[in-house]
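# this one's sequence-less:
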């Protein structure tokens with residue numbers, strides 16, 4: 001018959017085993033890169049882009065790597081943690097929640113919960129060292145995401161960061177938005193950084209990732225979209241799991257130029273840091289009727 005001491009020993013052993021399992025999972029997550037998914041995941045996206053960031057899911061090896069974000073929610077807390085909620089038309093609010101995956105790098109607080117569906121579109125301008133990249137954001141179909149981007153831009157979240165991951169002809173995207181990717185060269189970014197909160201994915205019905213699409217990176221878990229995004233300069237056959245938030249109206253020539261230069265340190269799936277550095281100097285978002 002088991003004694004009280006035997007039961008205590010058993011509980012202690014189970015507690016230790018859970019700790020070791022969590023540590024192993026954290027180590028495995030830290031080894032993964034997120035791009036669209038953190039592949040763009042943060043993450044991520046794509047990511048993530050498609051790290052975290054990443055972030056994307058897919059069929060071929062390049063896509064699978066991109067869909068592995070760096071910051072996935074710990075399994076032991078996922079069920080207990082608060083889950084983000086989609087836009088609620090009755091209250092006009094979005095349910096952002098704290099990121100429990102530990103990917104926070106640059107804390108700028110939560111976006112305002114109250115959002116507006118008008119104007120239907122907004123214009124996002126990424127001022128980079130290679131010229132401006134302009135995106136028309138679909139505020140009507142992705143209000144929580146656009147509201148988050150607006151918040152991050154107002155807090156200078158993206159300023160002086162680098163786009164940290166470039167794909168290839170099979171996975172044609174550039175992933176950005178990891179605050180760990182410093183423009184001063186002191187940190188390359190691995191797709192695991194984020195703003196300290198996450199949101200649900202939006203605008204997924206019939207979503208495709210064709211040339212000219214801007215989409216958000218995430219981890220493989222639903223409701224894990226953060227700050228990372230990916231810019232598509234070809235066609236990617238991804239499943240509709242990553243928020244298509246806008247359309248690139250200017251700057252595709254910049255992406256083509258960066259793609260032509262190739263990558264540094266191929267990670268084994270054809271992706272890596274772009275040889276042609278893309279530094280985000282400033283991000284502005286304006287309304288458009």
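Nice, thanks for sending it over. Note that the coordinates shown come from a computational prediction; the quantities given were computed from them, not determined experimentally.
# Could I get the phi/psi values of residue 197?
phi -140, psi 160 (degrees, to the nearest 10).
# Tell me who's in contact with it.
96, 97, 98, 99, 110, 111, 226 (CB atoms under 8 Å, 6 or more residues apart in numbering). In short, each C-beta sits where N, CA and C put it, glycine included.
# Could you rerun that using 7 Å?
Applying CB atoms under 7 Å, 6 or more residues apart in numbering to residue 197 gives the contacts 96, 97, 98, 99, 110.
# Ranking by neighbours, what's the top pick from those residues?
residue 99 (25 neighbours; other CB atoms under 10 Å).
# nearest residue to it other than its sequence neighbours?
residue 198 (4.9 Å; CB to CB, 6 or more residues apart in numbering).
# which phi and psi does residue 152 have?
phi -60, psi -40.
# What is the neighbour count of it?
Residue 152 has 22 nearby residues by other CB under 10 Å.
# any idea which element the nearest residue to it once chain neighbours are set aside lies in?
Excluding its sequence neighbours, the residue lying closest to residue 152 (CB to CB, 6+ apart) is residue 227, at 5.8 Å. Here residue 227, judged by DSSP states H and E, is contained in no helix and no strand.
# And residue 227, how far from residue 86?
Distance, residue 227 to residue 86, using CB to CB, to the nearest Å: 19 Å.
# Between these two, which is the more surrounded one?
More crowded of residue 227 and residue 86, by other CB under 10 Å: residue 227, with 36 against 14.
# From residue 109, how far out is the more buried one?
In terms of CB to CB, residue 227 sits 13 Å off from residue 109.
# Grab the longest strand from the chain for me.
Identified as the longest strand of the chain according to DSSP state E is strand 279-288.
# by contact count, what packs against that strand?
If you count contacts as 3 or more CB pairs under 7 Å, 6 or more residues apart in numbering; DSSP states H and E, strand 279-288 packs onto strand 121-128, helix 143-154.
# Hmm, residue 97 and the residue nearest to residue 99 touching each other?
Yes: counting by CB atoms under 7 Å, residue 97 is a contact partner of residue 198 at 6.3 Å.
# Now do the shared contacts for the two.
In contact with both residue 198 and residue 97: residue 84, using CB under 7 Å, 6+ apart.
# Of all the helices and strands packed on strand 279-288, which one is nearest residue 162?
strand 121-128 (9.5 Å; CB to CB).
# Quickly run through the sheet partners of that closest one, with directions.
strand 131-138 (antiparallel), strand 279-288 (antiparallel) (DSSP bridges).
# what about the helices in this structure?
For the chain, the helices defined by DSSP state H cover 4-31, 61-66, 75-78, 143-154, 252-261.
# residues in contact with residue 127?
Contacts of residue 127 (CB under 7 Å, 6+ apart): 281, 282.
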